[in-house]
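> output the structure for:
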Amino acid sequence: MSYKPVPLHDTLPPTPPSQTQASGSNLRPTHARTQSASQRYGPTASSPPLNPNAPLLGGPGGSAAVGARDGRQWAQDPLGFDGGIDGKPEADDWLHNPDPRDRGRHDRGSIFTARGATNIGCLLLLGLGIIALFAGYPIISFYTKHSLSSNGAYNLGGINSTGQIPKIDGFTSMIDPDTPQDSYTRTGFDGEQYSLVFSDEFNKDGRTFYPGDDPYWTAVDIHYWPTGDFEWYDPSAVTTKDGNLVLRMTQEPIHDLNFKSGMMQSWNQLCFQYSIYMEARVSLPGTNTVGGFWPGVWMMGNLGRPGYGASTEGTWPYTYDSCDIGTLPNQTTVDGTGPEAALTSNNGGPVSYLPGQRVSACTCKGEDHPGPDVSYGRGTPEIDILEAQIDLSRPRGQLSQSMQVAPFDNGYQYLNSSKGAVQYDTDLTIWNSYKGGTFQEAVSSLTYIDNDLYQGTSGQFGVHAVEMYSDPNNRDAGHITWVADGVKSWTMYPAAVGPDTTMGIGQRLIPEEPMAMVINFGMSNNFQAVNFAELDWPAEMHIDYIRVYQRSEGKLGCDPDDRPTADYIARHANAYNNPNLTTWDAAGYTFPKNSLKDKC
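Residues are numbered from 1 along each chain as shown. I've put the predicted structure just below:
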């Protein structure tokens, strides 16, 4: 088949007749399309479509290259499209091909119009806003912020002693917003006004206390070997639920032990000094009929970290600022020949196996000491708000409320006359028969509590507390008063642990160290014989709240100027971060020289 060229003129070509197209074995008629040109090409089209069966390119043998297209291959007149192809230059729209003569006419104008001023003004305001946000605000904040000190007073000495008070959901300050307003102040047992400085109501469920989770508390991951505990303390055992802090003990294998429980500390995060009223509302684990659980709420000086034996060797439970035999190993002379009471007053044996006060008032100049200078005796005293046990002879619950001290009295006998200590209801409060051993002296009373205060009975809560005041400039003015089940139970005065000439020692102090808080749920035969046959697991200890108040003289922080700890802890990080180290020497350090036995 051959094709004839189509002449270019305005006469339309004839419409081809209907044809039949072969498709496989079936034949179907194919007709020229009959829609109008305006339907196919728009309103300017004027020619009918091509024959649909005519090839567009090439001849019978195939296709031709695109560049080979010529007039012979077109089946309709291009002029029929009415597209302006008339041999004259095409005047495209001004946007795509603007006329230079028009450009000068259309683009002229001034920005000094109302619209121009508005546009520029908006840009200026936007620019100034960005500058204020990213430059002005930080500068203003830097010069107007109230910087918190880590040196005591009403500031926080955190883990790195930064002085910063981190925030968690629901906390806008160190006082929990859920604490009732009528609990913001109290009148102390000493007649002084106390103000709330810290509270935690534990009302937000699901809190965790892994390291770094909380600004004030950390749940530890250790075995508390110093007291021979049966449990492993794991952070997973401490959480908040139904508005309470919950410490849960379970019977399960963990780190070669068979029980898991929790201990939470504020060590090196939150401490109180000189004036403290710490109150806890607690529901105790177990029942009043089976002994063995050892729940505790207590405080300890920040120079020792609870459960980290290397940090406490030579510091716990010293609360001493004299330079005498009391600072030496075993509380004996350098040659070990006296005093007699130190050698025999423990049922005929030595009264102390302590290694001596590591950072004492006898420390030689230039030796390793936390400060403020080597003349200060430093240590890690302990005050127990409660350690709960069972009097199985009744049976009835008791709280052991104590202060642990060193160096020790003759036979551990502190002064428990009215000058040294007083009990307020002797039907409920009695002297603790345990007064100490070779590693501690316990100034302690036992107070009976209601049996409903146990989770295994009625699950009620009791309020237990301690009020402590000390003054380094007037050490006779101090006192410690305990509260059991909402009632004042007993008080000790400085005279209870005054000088003991038979031992050659001076006044033990009402604590002057920054004191950190501890809450734990333990189990050990060293406190009360554990009745494994009758105790039930899991068991829980619940804390409704912790609240701390201070007099105006009180300081808050773990690194105060007059009893610093941060630098010393940082310089001996191994002892404070490895719970497997049991001695100062094992941590890689040596005791500083003592002027009574070493040449300074």
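
> now what about stretch 495-510, what contacts it?
Contact with stretch 495-510 is made by 319-322, 324-326, 331, 338-342, 351, 381, 405-410, 414-416, 419-421, 441, 443, 468-470, 475-476, 478-480, 494, as judged by Cβ atoms under 8 Å, 6 or more residues apart in numbering. Every residue, glycine included, has its C-beta placed from N, CA and C.

> how far does that stretch stretch from start to finish?
One end of stretch 495-510 sits 10 Å from the other (Cα to Cα, to the nearest Å).

> what does stretch 284-303 give?
End-to-end distance for stretch 284-303, by Cα to Cα: 29 Å.

> for the stretch 151-300 of the chain, which segments are assigned as strands?
Secondary structure of the stretch 151-300 of the chain (DSSP state E, counting those that start in this stretch): strands at 185-187, 193-200, 218-219, 222-223, 231-233, 238-241, 244-254, 257-261, 263-265, 271-273, 275-283, 293-301.

> now those strands in a markdown table, with mean neighbour count?
Putting the strands of the stretch 151-300 of the chain into a markdown table (neighbours: other Cβ atoms under 10 Å) gives the following:
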| stretch | mean neighbour count |
| --- | --- |
| strand 185-187 | 13 |
| strand 193-200 | 20 |
| strand 218-219 | 23 |
| strand 222-223 | 18 |
| strand 231-233 | 24 |
| strand 238-241 | 20 |
| strand 244-254 | 19 |
| strand 257-261 | 20 |
| strand 263-265 | 25 |
| strand 271-273 | 27 |
| strand 275-283 | 24 |
| strand 293-301 | 25 |
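
> adding mean pLDDT, write the ones you listed out as JSON lines.
Converted to JSON lines, the strands of the stretch 151-300 of the chain look like this (pLDDT from 0 to 100):
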{"stretch": "strand 185-187", "mean pLDDT": "98"}
{"stretch": "strand 193-200", "mean pLDDT": "98"}
{"stretch": "strand 218-219", "mean pLDDT": "98"}
{"stretch": "strand 222-223", "mean pLDDT": "98"}
{"stretch": "strand 231-233", "mean pLDDT": "99"}
{"stretch": "strand 238-241", "mean pLDDT": "98"}
{"stretch": "strand 244-254", "mean pLDDT": "99"}
{"stretch": "strand 257-261", "mean pLDDT": "99"}
{"stretch": "strand 263-265", "mean pLDDT": "99"}
{"stretch": "strand 271-273", "mean pLDDT": "99"}
{"stretch": "strand 275-283", "mean pLDDT": "99"}
{"stretch": "strand 293-301", "mean pLDDT": "99"}
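
> can you lay out the ones you listed as TSV showing distance to Glu367?
TSV is the format used below for the strands of the stretch 151-300 of the chain (distance: least, Cβ to Cβ, whole Å):
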stretch	distance to Glu367
strand 185-187	43
strand 193-200	35
strand 218-219	31
strand 222-223	30
strand 231-233	34
strand 238-241	39
strand 244-254	40
strand 257-261	39
strand 263-265	29
strand 271-273	25
strand 275-283	31
strand 293-301	20
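
> which one of the ones you listed lies nearest to Pro592?
Of all the strands of the stretch 151-300 of the chain, it is strand 293-301 that lies closest to Pro592, at 18.0 Å by Cβ to Cβ.

> what angle do that closest one and strand 275-283 make?
On the basis of axes from the mean of the first three to the mean of the last three Cα atoms, to 10 degrees, strand 293-301 is oriented at 160 degrees to strand 275-283.
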